[in-house]
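1. When you get a sec, could you give me coordinates for this:
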Amino acid sequence: MAPGIRPDIACGHPRRRPSCGEPERMVATVVELASATAALSYYERDGYYAKDDPEHRQASFWHGAAAGAIGLRGHVHPKRFDDLLSGVVPGTEIRLGRMREGEREHRPGWDVTFSAPKSVSLEALVAGDR
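-> Numbers count the residues shown, from 1 in each chain. I've put the predicted structure just below:
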């Protein structure tokens, strides 16, 4: 533990002694995307995740066997991303989803946010970027 971090704070369990014995846990929040339009607007909004990086798209790329199987390789292009969110495999007539009572049902996806325990933030603050 870095100097200056109090063990009772780093424990991550408020009002408990540092010897609480419970491990800190990474928290994952999963939210179903309501619609393709809302999702695209959210991800494109003001360059939210890379305001200071004019080349922020270079950080987003397709990954995995499923992406490769439908021809998605390299950097993420907004039009292809929008197509997938809308349930269309880019460059094809293939529609994603399942048929239910004669209607195609498609979920654009899920947004997963991982949050580290507070002690990780405190450690980074004290230790710096080393």
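2. Would you map out the domains in the protein?
-> Here the domain parsing of the chain from automatic domain parsing is 1-29+115-130, 34-108.
3. where among these is the average confidence lowest?
-> For these, mean pLDDT drops lowest on domain 1-29+115-130, to a mean of 63.
4. What are the boundaries of the helices in this structure?
-> Under the criterion DSSP state H, the chain contains helices at 7-10, 36-44, 65-69, 78-85, 118-127.
5. Using CSV, list the CA coordinates for the second one.
-> Output in CSV follows, covering the C-alpha atoms of helix 36-44 (Å, rounded to 0.1, in the frame of the first residue of the first chain):
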residue,chain,number,x,y,z
ALA,A,36,-29.8,2.0,-32.0
THR,A,37,-30.4,5.8,-32.4
ALA,A,38,-30.0,6.5,-28.7
ALA,A,39,-26.9,4.3,-28.4
LEU,A,40,-25.1,5.9,-31.3
SER,A,41,-26.0,9.4,-30.1
TYR,A,42,-24.6,8.5,-26.6
TYR,A,43,-21.3,7.1,-28.0
GLU,A,44,-20.8,10.0,-30.4
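6. Just want the angle from it to helix 78-85.
-> Relative orientation of helix 36-44 versus helix 78-85 (axes from the mean of the first three to the mean of the last three CA atoms, to 10 degrees): 140 degrees.
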